[in-house]
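> following is a predicted model, sequence given first.
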Amino acid sequence: MRPSDIVRCESFPCRDVRHEVFAVPGVEVDPAHVSMVMISESAPADPVDYYYAGGEPLFERTTVQAFRDAGADVCSIQDILGLGVYLTTAVKCGKTGYGIQTATVRDCSLLLEKELELFPNVRVLMLMGDVAIKAVNSIARRAGEKRVIPAGSTYKIRGQEYTLRGRRVFPSYLQAGPSFFIEKSKRRMIAEDIAEALCLIQ
């Protein structure tokens with residue numbers, strides 16, 4: 001199965017993102033094998049930096065390093081997929097500025113929800129950054145459920161147990177992009193969160 005064959009945006013209603021770099025993973029994946037989904041912020045400004053692009057995309061380099069920091073023996077996105085971890089973004093288009101409007105996150109969470117439904121055996125969701133947290137909270141609230149992750153700084157709320165429909169949910173920091181190599185304290189916390197999540201699925 002290729003998620004990009006199933007998850008599509010028909011109307012592109014959001015005004016604060018770049019629709020021309022819309023991206024849903026086009027990788028071939030066995031849904032039954034996926035036990036963890038890692039959700040980062042948005043598609044990169046340049047498609048060559050996306051997780052599943054050829055060569056050495058930026059999202060792959062930083063994510064592989066994050067998993068290696070956590071003690072995982074991986075060298076590529078394919079190795080991470082081999083662990084049962086699927087990588088995607090909360091917002092499928094690229095950012096135009098620093099932030100993303102709440103309405104955009106909420107609208108795009110419809111696509112994320114459809115994407116998550118493709119993987120019936122997922123036990124862990126990793127929310128890498130505030131946008132991913134907002135998106136999953138939007139999914140819960142749309143169904144009349146309480147928000148999954150409470151408001152507050154990530155360093156204060158991480159380390160506690162949160163769930164969404166029986167799945168363990170980890171709020172963490174963004175691992176995809178250049179800031180990963182700069183913010184060393186966040187890098188340590190990302191590694192801790194990934195290590196704990198991997199223990200739950202192995």
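On my side now, so go ahead.

> make it CA atoms for all contacts and neighbour counts henceforth
Fine.

> so for the spatially most central residue of the chain, what's the pLDDT?
Nearest to the geometric centre of the chain sits residue 39, at 0.9 Å (C-alpha atoms, centre = their mean). We have a pLDDT of 98 for residue 39.

> who does the helix or strand harbouring it touch, helix- and strand-wise?
Using DSSP states H and E, residue 39 sits within strand 36-43. Judged by 3 or more C-alpha pairs under 8 Å, 6 or more residues apart in numbering; DSSP states H and E, strand 36-43 is in contact with strand 85-95, strand 124-128, helix 130-142.

> what's the helix or strand bottoming out on mean pLDDT in the chain in contact with?
Lowest by mean pLDDT, DSSP states H and E among the helices and strands of the chain is helix 179-182, with a mean of 80. Helix 179-182 is contacted by residues 62, 174, 186, 187 when judged by C-alpha atoms under 8 Å, 6 or more residues apart in numbering.

> what about the strands in this structure?
In the chain, the strands defined using DSSP state E lie at 17-18, 36-43, 85-95, 124-128, 162-164, 167-172.

> any chance of these in TSV, plus distance to residue 57?
Formatted as TSV, these follow (distance: least, C-alpha to C-alpha, whole Å):
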stretch	distance to residue 57
strand 17-18	19
strand 36-43	12
strand 85-95	14
strand 124-128	18
strand 162-164	31
strand 167-172	22
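
> convert the least confident helix or strand of the chain to CSV, retaining C-alpha atoms only.
Only the C-alpha atoms of helix 179-182 are listed here, as CSV (Å, rounded to 0.1, in the frame of the first residue of the first chain):
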residue,chain,number,x,y,z
SER,A,179,17.1,22.9,14.3
PHE,A,180,17.6,19.3,15.5
PHE,A,181,21.4,19.7,15.3
ILE,A,182,21.4,23.1,17.1
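
> list the buried residues of it.
Buried residues in helix 179-182, counted by 16 or more other C-alpha atoms under 10 Å: residue 180.

> dump the contacts of helix 179-182 into CSV; add neighbour count as well.
Putting these into CSV (neighbours: other C-alpha atoms under 10 Å) gives the following:
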residue, neighbour count
62, 20
174, 23
186, 19
187, 22
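
> among these, which lie within helices?
62, 186, 187 (DSSP state H).

> re earlier: contacts for the strand holding residue 39?
Defining contact as C-alpha under 8 Å, 6+ apart, one finds that strand 36-43 is touched by 21-23, 50, 84-95, 122-132, 174-176, 201.

> among these, name the buried ones.
21-23, 50, 84-95, 122-132, 174-176.

> picking up where we left off before, so which of the ones in helices among the contacts of helix 179-182 comes closest to residue 116?
residue 62 (23.0 Å; C-alpha to C-alpha).

> from residue 17, how far off is that closest one?
Residue 62 sits at a distance of 23 Å from residue 17 (criterion: C-alpha to C-alpha, to the nearest Å).

> I'm done for today, thanks for sticking with me.
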